[in-house]
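>>> missing the sequence, but the structure's below:
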């Protein structure tokens, strides 16, 4: 008979989708949702840590993980997808192989130029009702839905933009030259 101590530890896991972007891993480049995990341990000593998961709908699996390099995650490893092969196009169970890999984990979340926030209302333009007009004297088009993202270009009053989707108070738009970006909805009608 095994004897040892019993421990009840309560955790609170909070998940938040923070972007949808191309992610490069050894198995290839895949579109993936970046999901932030904040885990809080309420057993014994109060502690918490952040982890990040990249989930690819194409692979139907997590393709990459990163955890903050802090004592809270002392026995947790980062993983990346090294091989992906769809053996039968009708099969819903692709072969997936993850392997541990040392990954530099960001000390705080900073959007990168390749990250694009999740757009829950993707729309394929089909008529002129998907055209918005710039109402401000000028407005910035950004690489993501927020002022913290870099400016891609600037548009002027009267410019017509194709509406692609929205995230909060930001519209995902396409310019006449095909360039895409995000504009605050207060600058268009």
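Ah, there it is. Here the structure is a predicted model, which is why all the values come from computation and not from measurement.
>>> From residue 165, how far off is residue 151?
Residue 151 sits 20 Å away from residue 165, going by C-beta to C-beta, to the nearest Å. The C-beta positions use only the backbone N, C-alpha and C, and glycine is treated the same way.
>>> And residue 78, by the same measure?
With C-beta to C-beta as the criterion, residue 78 and residue 165 are 31 Å apart.
>>> Residue 13 too?
With C-beta to C-beta as the criterion, residue 13 and residue 165 are 28 Å apart.
>>> Surely residue 132 touches residue 161?
Yes. Residue 132 sits in contact with residue 161 when judged by C-beta atoms under 8 Å, with a separation of 5.2 Å.
>>> overlap in contacts of these two?
Counting by C-beta atoms under 8 Å, 6 or more residues apart in numbering, the common neighbours of residue 132 and residue 161 are 171, 173, 188.
>>> Tell me the buried residues in stretch 21-36?
21, 23, 25, 27, 30, 32-35 (16 or more other C-beta atoms under 10 Å).
>>> And the residues you listed, which two are furthest apart?
Set against one another by C-beta to C-beta, the buried residues of stretch 21-36 have their most distant pair in 27 and 35, with a gap of 18.7 Å.
>>> can you pull the pLDDT of residue 188?
You'll see residue 188 listed with a pLDDT of 91.
>>> right, and it touches residue 135 too?
Yes. Between residue 188 and residue 135 a contact is recorded at 6.1 Å, counting by C-beta under 8 Å.
>>> Please identify which of the two sits among more neighbours.
residue 188 (20 against 12; other C-beta atoms under 10 Å).
>>> who are the neighbours in contact with the closest residue to the more buried one other than its chain neighbours?
Among residues not flanking residue 188 along the chain, residue 132 sits closest, at 4.2 Å (C-beta to C-beta, 6 or more residues apart in numbering). Contacts for residue 132 (C-beta under 8 Å, 6+ apart) come out as 160-163, 171, 173, 188-189.
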